[in-house]
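Peer 1: starting from these lines, generate the structure:
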Amino acid sequence: MNLMDEFRSHRRPVAGTELAERLNVSIRTLYRDIASLRALGAVIEGEPGVGYMLQSGFLLPPIMFTVEEVDALVLGSLWVADKADRPMAEAARKAMARLTAVMPVELTDRVEAKYLEVMPSRHATSEDVDVSALRRAIHKEHKVKIAYADARGNTSERIIWPFFISYLEGGRLISAWCEMREEIRHFRTDRMQSLSEMEARYPRRRHDLIKEWRELESAEMPKGKQR
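Peer 2: Predicted structure coming up:
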């Protein structure tokens, strides 16, 4: 854990703002992570405005999973590594390596057996945009400006409010409110020629947009086939 490494690199109390800056997280996230470590048994002295220091001798306990849970984690990380964009795929590999490092030996052996496989996508499409930028915009509820080509190749500039990403076989679909059409539309990332995150937040909450979208999806499906 990066926070543990930061604590161990300081012999004196370190300010929460400094820790948050070094870890590139919000101060709220830092406080949550400190609370999680304390719940695991770490003795962390200090408080906001004073600084924090980890008492020596604490080790993270081994992470316990059932064998089925380990298989699920391995399969999930393999799927993400193959189907997702490059930053997400790399994050999946690192997360699995971090989990493996703190698993008991018998579970580590199961991970290293490598008897699960995700076959490469047969219909993978190339993308010219950074999908991680879309994920950031969704989390921050920021508007995004895109250049988008339709099925006929006609290009238009749109300002959208992205709120959901669907990972499909070989591609990704963005659900967003389109300011030009004044309704919820779906955009294929392989048809986006460019995108830029805007500073402006969209005026509705992501949760409300997702709720409206799901209601529309349910209403459009034939009766008896709703999901």
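
Peer 1: biggest strand in the protein, by residue count?
Peer 2: strand 155-168 (DSSP state E).

Peer 1: who does the first helix or strand past it going along the chain pair up with?
Peer 2: Next along the chain after strand 155-168, taking DSSP states H and E as the criterion, comes strand 171-178. Its sheet considered, strand 171-178 pairs with strand 155-168 (antiparallel), strand 183-188 (antiparallel) by DSSP bridges.

Peer 1: how far off centre is the first one?
Peer 2: Just to be clear, that refers to strand 155-168. Here strand 155-168 shows a centroid-to-chain-centroid distance of 17 Å under the convention C-alpha atoms, centre = their mean, to the nearest Å.

Peer 1: and the contacts of it?
Peer 2: Outside strand 155-168, the residues that touch it by C-beta atoms under 8 Å, 6 or more residues apart in numbering are 83-84, 131, 134-135, 137-138, 141, 143-150, 172-180, 185, 187, 193, 198, 202, 204, 206, 209-210, 213. Glycine gets a C-beta too; all of them are placed from N, C-alpha and C.

Peer 1: can you check the shortest one too?
Peer 2: Strand 183-188 is touched from outside by 125, 146, 148, 158, 160, 171-178, 209, 212-213, 216, with contacts defined as C-beta under 8 Å, 6+ apart.

Peer 1: out of the strands paired with strand 171-178, nearest to residue 115?
Peer 2: Set against residue 115 and scored by C-beta to C-beta, those come closest in strand 155-168, at 24.2 Å.

Peer 1: which residues pair with the closest residue to residue 178 other than its chain neighbours across the strands?
Peer 2: Excluding its sequence neighbours, the residue lying closest to residue 178 (C-beta to C-beta, 6 or more residues apart in numbering) is residue 185, at 4.3 Å. Beta-bridge pairing for residue 185 (DSSP bridges): residue 176.

Peer 1: let me know how buried residue 185 is, in neighbour terms.
Peer 2: 15 (other C-beta atoms under 10 Å).
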